[in-house]
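Asker: from the sequence below, what's the structure:
(one chain, ligands or ions: 1)
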Amino acid sequence: MAKLILNNVSKDFGTGQPAVSRVSLDVREGGFLALLGPSGCGKTTVLRMIAGFEAPSDGAIFLGERLLADPAQSLPPERRNMAMVFQSYALWPHMSVADNVGYPLKVRGVSKEVYRRRIVEALDTVRLADLADRRPADLSGGQRQRVALARCLVTQPDVVLLDEPLANLDRHLRQEMEETFREFHIRSGATMIYVTHDQSEAMALATDIAVMSRGELLQVAPPQEIYACPEGRLVGSLIGRGAILSLAVPAAMLRKLDWGAIRALLGAAAPDGGVLADVLVRPEDVRLGGEGAAARVRSSLYEGERYSVTLDLADGQILRAFSRERPMPGDTMSVTITSAWRL
Ligand SMILES: Nc1ncnc2c1ncn2[C@@H]1O[C@H](COP(=O)(O)OP(=O)(O)OP(=O)(O)O)[C@@H](O)[C@H]1O
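Answerer: Predicted structure coming up:
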């Protein structure tokens with residue numbers, strides 16, 4: 001196995017706006033990278049270029065030292081030792097689970113002994129050994145997805161590419177499958193690249209998250225880091241559910257702000273000739289009650305374990321908070337912001 005490297009990769013379909021613009025990425029060996037971003041931002045196109053279904057218009061893709069593609073040449077998908085799992089897992093209905101899993105090996109013409117051994121190993125990895133003789137029609141949605149995962153494992157790929165594999169499943173099953181993917185990643189040791197527009201899925205699964213918007217890569221970092229220290233307004237609004245305030249933060253001030261700093265900045269005018277900075281405030285960092293700044297409750301939405309509250313600050317800016325009790329719309333209360341991040 002080796003590191004997957006994208007070096008300034010672009011893809012232009014000739015539509016006027018490039019689908020992917022100068023994306024550079026290093027995916028560490030055995031890592032689990034989530035490509036996250038809104039619909040149409042270019043995630044699938046990046047994945048298809050890695051798989052070999054599209055050639056880059058510019059830049060180059062390497063697996064270790066090996067050049068996979070640049071505008072002049074492109075190794076065909078079957079010679080890249082990668083496996084791709086799609087939303088629809090396309091199992092053969094007339095074949096047993098074992099034969100579905102073994103199909104890619106049959107095409108490669110391996111010996112009977114290798115064929116049997118690899119199927120057993122792959123089914124073990126996804127904990128389906130007991131169902132080897134069943135037909136796909138007799139499986140649940142989650143079990144079918146696991147068969148598709150096992151099928152991509154039998155060829156022992158260096159890289160597993162997953163394009164929104166959970167998009168068609170209901171919420172309960174998605175959670176169960178997230179657990180399966182995590183385990184699958186640990187047990188297989190494969191490098192995985194996972195396309196999703198669901199940030200909580202990306203947070204739960206990946207070792208690194210790459211956030212894309214309009215064909216460009218905005219930030220790559222581990223989930224905890226991208227949540228705590230997003231770079232710029234777009235990443236700040238795409239990750240988590242924070243509110244973004246415009247505050248007159250002096251350029252020299254640390255990016256992480258405490259209540260002392262925020263209190264002084266709330267309502268302060270922009271410095272002479274200066275610009276207002278975007279400051280991200282997470283709902284879990286907003287305390288309701290006590291001594292603080294005045295805010296008016298705009299709405300409170302019951303979410304089961306708590307209320308999600310939207311508040312208007314005195315200057316009209318919006319803040320979000322969580323609350324165990326139900327704040328009534330129209331009520332005035334005081335808020336304290338324990339921590340915020342300048343984007
Ligand atoms: N074969 C193609 N020809 C022309 N334009 C394309 C082609 N494939 C993708 N595009 C365009 O490139 C852009 C990126 O598409 P892509 O499918 O990579 O986005 P995405 O982030 O995966 O979106 P989604 O989450 O909706 O699947 C879109 O504007 C899309 O319309």
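Asker: which stretches of the protein form helices?
Answerer: 43-51, 97-108, 112-125, 141-153, 171-188, 199-205, 223-228, 232-238, 259-265 (DSSP state H).
Asker: output those as CSV; include the columns mean neighbour count.
Answerer: Any C-beta I mention is one placed from the backbone N, CA and C, and that applies to glycine too. Converted to CSV, the helices of the chain look like this (neighbours: other CB atoms under 10 Å):
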stretch, mean neighbour count
helix 43-51, 23
helix 97-108, 19
helix 112-125, 17
helix 141-153, 22
helix 171-188, 16
helix 199-205, 19
helix 223-228, 17
helix 232-238, 19
helix 259-265, 16
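Asker: pLDDT weak spots in the stretch 101-250 of the chain?
Answerer: Scanning the stretch 101-250 of the chain with the threshold set as pLDDT under 70 gives 168.
Asker: would you mind listing what in it touches the ligand?
Answerer: Within the stretch 101-250 of the chain, the positions lying close to the ligand (CB under 6 Å from any ligand atom) are H197.
Asker: picking up where we left off before, and the helices of the chain: which comes nearest E29?
Answerer: helix 171-188 (12.6 Å; CB to CB).
Asker: the closest one - contacts with which helices or strands?
Answerer: Packed against helix 171-188 by the contact rule (3 or more CB pairs under 8 Å, 6 or more residues apart in numbering; DSSP states H and E) you find helix 112-125, helix 141-153, strand 191-196, helix 199-205.
Asker: hmm, 10 Å instead?
Answerer: On a contact count with 3 or more CB pairs under 10 Å, 6 or more residues apart in numbering; DSSP states H and E, helix 171-188 meets strand 32-36, helix 112-125, helix 141-153, strand 159-163, strand 191-196, helix 199-205.
Asker: which residues touch the longest one?
Answerer: Here helix 112-125 makes contact (CB atoms under 10 Å, 6 or more residues apart in numbering) with 97-106, 108-111, 128-132, 146-147, 149-156, 180, 183-184, 186-188.
Asker: quick check: beta-bridge partners of M82?
Answerer: V159 (DSSP bridges).
Asker: need the contact list for it.
Answerer: Contacts of M82 by CB under 10 Å, 6+ apart are 4, 50-52, 63, 68, 152, 155, 157-161, 190-191, 193.
Asker: 7 Å instead, please
Answerer: 51, 157-159, 161 (CB atoms under 7 Å, 6 or more residues apart in numbering).
Asker: ok, and the closest non-adjacent residue to P76?
Answerer: Nearest non-adjacent residue to P76, counting by CB to CB, 6 or more residues apart in numbering: G52, 5.9 Å away.
Asker: that neighbour: how many residues sit nearby?
Answerer: Using other CB atoms under 10 Å, G52 has 19 other residues around it.
Asker: what does the one 4 residues further on give?
Answerer: P56 is flanked by 25 other residues according to other CB under 10 Å.
Asker: what's the most distant pair in the contacts of M82?
Answerer: For the contacts of M82, and using CB to CB, no pair is farther apart than A51 and D158, which are 12.1 Å apart.
Asker: for S339, which of the helices of the chain is the nearest?
Answerer: When these are compared (using CB to CB), the closest one is helix 259-265, at 7.9 Å.
Asker: for that closest one, name the packing helices and strands.
Answerer: In terms of contacts (3 or more CB pairs under 7 Å, 6 or more residues apart in numbering; DSSP states H and E), helix 259-265 is packed against strand 332-337.
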